[in-house]
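Novice: Everything below, folded, please.
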Amino acid sequence: MIKIACITDDGRTISQHFGRAPYYAVLTIDDGQVVAREVRDKLGHQHFSAQERQEAPGQRHGTDAASHDKHVGMAQAIQDCEVLLCRGMGYGAYQSMQQVGIRPVVTNEIKIDAAVQAYIEGRLEDHPEKLH
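Specialist: Predicted structure coming up:
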């Protein structure tokens, strides 16, 4: 059994931006079938707006220590998930998810159900070139 998280604004589609999405749709997969589905609140940029950015000139977006801490906070709600599906995210968030043991996948698929099915079937492509 595995759990797949998808960033979402509405519970049906995958959001284009990891940091701005307010929810995770979490689907539990057992024997190749979705057996449970829930929506969880997600921390996002709005929760950290009072904090100053600490990026150094020439540093990739979101790769500083303070950003990593924010990403780890965002991941707490899905720490029981193995995979995170999104349609866009910053390079630092992508790295942070990997560091906490969650496999981020940047997909072109819009619908959560179609993306999860493609993942189950081993045909969902990761597009890290879409990282910003």
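
Novice: can you pull the pLDDT of Leu43?
Specialist: Note on Leu43: pLDDT of 89.

Novice: What count of nearby residues applies to it?
Specialist: Residues near Leu43, counting by other Cβ atoms under 10 Å, number 16. Bear in mind the C-beta positions are built from the backbone N, C-alpha and C, glycine included.

Novice: and if you look at Arg103?
Specialist: Residues lying near Arg103 (other Cβ under 10 Å) number 14.

Novice: That one: what's it in contact with?
Specialist: By Cβ atoms under 8 Å, 6 or more residues apart in numbering, the contact list for Arg103 reads Glu82, Val83, Leu84, Met97.

Novice: Quick one: low-confidence residue ranges for this protein.
Specialist: Scanning the chain for pLDDT under 70 picks out 45-63.

Novice: Where do the strands of it begin and end?
Specialist: Applying DSSP state E to the chain gives strands spanning 2-8, 23-30, 33-41, 83-86, 103-106.

Novice: Dump these into a markdown table; add distance to Glu125 as well.
Specialist: Shown next, in a markdown table, are those (distance: least, Cβ to Cβ, whole Å):
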| stretch | distance to Glu125 |
| --- | --- |
| strand 2-8 | 15 |
| strand 23-30 | 18 |
| strand 33-41 | 20 |
| strand 83-86 | 11 |
| strand 103-106 | 8 |
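
Novice: For Gly73, find the nearest of those.
Specialist: For these, distance to Gly73 was read as Cβ to Cβ. The smallest value, 12.2 Å, belongs to strand 33-41.

Novice: so the spatially most central residue of the chain bridges to which residues?
Specialist: What sits nearest the mean C-alpha location of the chain, by Cα atoms, centre = their mean, is Leu84, with 4.3 Å. Taking DSSP bridges, one obtains Ala5, Pro104 as the residues bridged to Leu84.

Novice: So it is in contact with Lys3, correct?
Specialist: No - taking Cβ atoms under 8 Å as the definition, Leu84 is not a contact partner of Lys3, at 10.2 Å.

Novice: Now do the shared contacts for these two.
Specialist: What both Leu84 and Lys3 touch, as defined by Cβ under 8 Å, 6+ apart, is the set Ile78.
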